[in-house]
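Student: coordinates only, sequence not included:
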């Protein structure tokens, strides 16, 4: 799906980080990994940290230079935390995703990540059209390599799916209670509170208003309504049997 | 800035992950870390992986139970990759950030992350009002613990830098009930249902889970909680005077 996006790691020191990057990529549906002169690869630590994403490691390509690794890419972004003396044009991870996830079908896009300690050198950034920035704490801005890749791949995945389909204020499985059913419930609730001696008539109005707000916020479904009315019935009959 | 957001790790096995989480948090300007019965902590691996975020580890609190760790939190989200048999209400990491980064000033918000291998158990999710979901590859959905925390904290950081006019529906005038107060209410509710003969032990679990969903959705404030507990008291004592 996001196969036109190539994650390029330059001179990674710790093979464990390469494995963690592979896992982060696969979690977000990506598998195109390119390694520029990694210090150790393949390596047991890489396989261990990949934990299930070793298929990404298996097809990873190894390159002698960054220019070779990005040769077939039309758009090249270099991840950078530091501010540079010369200002490169820069995009955030989200801007990158929203800008290019759609053109990905037509172009190869390289996401270049530098060394764990020193990032990318300026002559490497010269090969990039944009700085890729991850918004973060200015006082502590160096993300772990795999964490940086995770955030960027996550943004790409979200932009590619645009699936914000999730239900805040959840609904039960049953159909929502109708206004009529809710009115029946409120009447039953009011009667029950009178029966158990909780409701003094003078406070009745304000209490009921508060309770209506509570249960209206809850968006009861019919099954939940049945349960609550069952509880009311039992408290009405409590010790009257 | 995001100090009202508490990252809660439940029974973490690998101390290195705790360190990586601390780093991920500090990268995004967060430092409130709570550990529920970690297997090893403090530990050299945690300090090593924190690489500069050991100040977050230093102030991390350790707890004997999840309920203790979230006792002072009004909003509790449990991270989950698996689909659950009964559907909890769920929000994505981005929805969480956009909804709650603004109310953070007024409420403590717990972000609960489970074990590396098995996540959170259902009885732990019972203490959560929402499932916290990170959109990802359905065929390979288990993110590394620190990677999951990184994505969620990143979304919070990005959202905190923006102005969202987000109000979470209607609220009572009083302050929101804390998790501890809600647990007290649920205990009282369960006891009352037993007293009035409504609750058969064998159905108790599923009924209570449904009722938790109802009242968690309602976002009770303390005054509303008092009223409901008053009703419970009266139905318990009904005709026993």
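Tutor: Noted; the coordinates are in hand. Predicted model only: the values in this text are computed from it and were never measured.
Student: On the three-state scheme, the residue nearest the centre of chain A is what?
Tutor: For chain A, residue A:154 is the residue whose C-alpha lies nearest the centre (C-alpha atoms, centre = their mean; 6.0 Å). Under DSSP: H, G, I helix; E, B strand; the rest coil, residue A:154 falls in the helix class.
Student: now check the helix or strand bottoming out on mean pLDDT in chain A, is it near chain B?
Tutor: Every helix and strand of chain A was ranked by mean pLDDT, DSSP states H and E. The lowest is helix A:201-218, at a mean of 81. Yes - Helix A:201-218 is in contact with chain B by C-beta under 8 Å from any C-beta of the partner chain, via A:207, A:210, A:211, A:213, A:214, A:215, A:216, A:217, A:218. (Each C-beta comes from the backbone N, C-alpha and C, glycine too.)
Student: Span of stretch A:99-108 from start to end?
Tutor: End-to-end distance of stretch A:99-108 (C-alpha to C-alpha, to the nearest Å): 14 Å.
Student: what does it rub up against?
Tutor: A:2, A:4-6, A:72-75, A:91, A:109, A:156, A:159-160 (C-beta atoms under 8 Å, 6 or more residues apart in numbering or on different chains).
Student: Reformat those as TSV; add neighbour count and pLDDT.
Tutor: Below are the contacts of stretch A:99-108 laid out as TSV (neighbours: other C-beta atoms under 10 Å in any protein chain shown; pLDDT from 0 to 100):
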residue	neighbour count	pLDDT
A:2	22	88
A:4	20	90
A:5	29	95
A:6	21	96
A:72	10	88
A:73	21	87
A:74	14	86
A:75	20	88
A:91	17	90
A:109	22	93
A:156	27	96
A:159	20	92
A:160	19	89
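Student: Within its local environment, how many residues does residue A:227 see?
Tutor: 17 (other C-beta atoms under 10 Å in any protein chain shown).
Student: again but with residue A:58, I slipped
Tutor: Residues near residue A:58, counting by other C-beta under 10 Å, number 13.
Student: What confidence value was assigned to it?
Tutor: pLDDT for residue A:58: 97.
Student: residues contacting residue A:28?
Tutor: Neighbouring residues of residue A:28 by C-beta under 8 Å, 6+ apart: A:2, A:150, A:153, A:154, A:156, A:157, B:136, B:137.
Student: For PyMOL, what selects the buried ones among the residues of helix A:201-218 next to chain B?
Tutor: Buried residues within the residues of helix A:201-218 next to chain B, by 16 or more other C-beta atoms under 10 Å in any protein chain shown, are selected in PyMOL with:
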select buried, chain A and resi 207+211+213+214+215+217+218
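Student: where do the strands sit along chain A?
Tutor: A:5-10, A:33-36, A:61-63, A:75-79, A:90-92, A:109-113, A:130-133 (DSSP state E).
Student: who wins for proximity to residue B:185 among the ones you listed?
Tutor: Of all the strands of chain A, strand A:90-92 sits nearest to residue B:185, with 43.1 Å by C-beta to C-beta.
Student: Let's see the pLDDT reported for residue A:42.
Tutor: In this model, residue A:42 carries a pLDDT of 96.
Student: Equivalent analysis for the one 5 residues further on, please.
Tutor: Residue-level confidence at residue A:47 comes out at 97, pLDDT.
Student: Surely it and residue A:54 touch.
Tutor: Yes - contact status for residue A:47 versus residue A:54: in contact at 5.4 Å, counting by C-beta atoms under 8 Å.
Student: Could you pull out the residues contacting both of the two?
Tutor: By C-beta under 8 Å, 6+ apart, the residues touching both residue A:47 and residue A:54 are residue A:19.
Student: Domain map for chain A?
Tutor: What automatic domain parsing lists as the domains of chain A is A:2-159, A:179-240.
Student: ok, and the closest non-adjacent residue to residue A:91?
Tutor: Distances taken as C-beta to C-beta, 6 or more residues apart in numbering or on different chains place residue A:130 nearest to residue A:91, at 5.2 Å, with adjacent residues excluded.
Student: how many neighbours does the one you found have?
Tutor: Neighbourhood size, residue A:130 [other C-beta under 10 Å]: 19.
Student: what's across from it in the sheet?
Tutor: Bridge pairing for residue A:130 (DSSP bridges) gives the partners residue A:77.
Student: Likewise for residue A:113?
Tutor: residue A:9.
Student: ok, the spatially closest residue to residue A:214 that is not a sequence neighbour - contacts?
Tutor: Using C-beta to C-beta, 6+ apart and skipping residues adjacent in sequence, the residue nearest residue A:214 is residue B:218, 4.9 Å away. If you count contacts by C-beta under 8 Å, 6+ apart, residue B:218 has them with A:214, A:215, A:217, A:218, B:224.
Student: let's go with 6 Å and repeat that
Tutor: Residues near residue B:218 by C-beta atoms under 6 Å, 6 or more residues apart in numbering or on different chains: A:214, A:217, A:218.
Student: hmm, back to that, which one among the contacts of residue A:28 gets closest to residue A:124?
Tutor: Nearest to residue A:124, judged by C-beta to C-beta, of those is residue A:153 at 20.7 Å.
Student: Is residue A:145 in contact with residue A:117, as I believe?
Tutor: No - look at residue A:145 against residue A:117 with C-beta atoms under 6 Å: they stay out of range, at 10.0 Å.
Student: Mind checking which of the two has more residues around it?
Tutor: residue A:145 (24 against 7).
Student: Look up how far residue A:63 lies from the more buried one.
Tutor: 17 Å (C-beta to C-beta, to the nearest Å).
Student: got it, and residue A:222?
Tutor: From residue A:222 across to residue A:63, the span is 62 Å (C-beta to C-beta).
Student: ok, back up a step: what would the strands of chain A look like in a markdown table with distance to residue B:193?
Tutor: Shown next, in a markdown table, are those (distance: least, C-beta to C-beta, whole Å):
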| stretch | distance to residue B:193 |
| --- | --- |
| strand A:5-10 | 54 |
| strand A:33-36 | 56 |
| strand A:61-63 | 63 |
| strand A:75-79 | 56 |
| strand A:90-92 | 52 |
| strand A:109-113 | 56 |
| strand A:130-133 | 55 |
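Student: Out of those, flag the one nearest residue A:22.
Tutor: Taking C-beta to C-beta, strand A:33-36 is the member of these nearest to residue A:22, at 6.1 Å.
Student: Residue A:222 and residue A:63: which is more packed in?
Tutor: residue A:63 (17 against 13).
Student: Give me the pLDDT for the closest residue to the more buried one other than its chain neighbours.
Tutor: Closest residue to residue A:63 apart from its sequence neighbours, by C-beta to C-beta, 6+ apart: residue A:69 at 4.0 Å. Residue A:69 carries a pLDDT score of 95 in this model.
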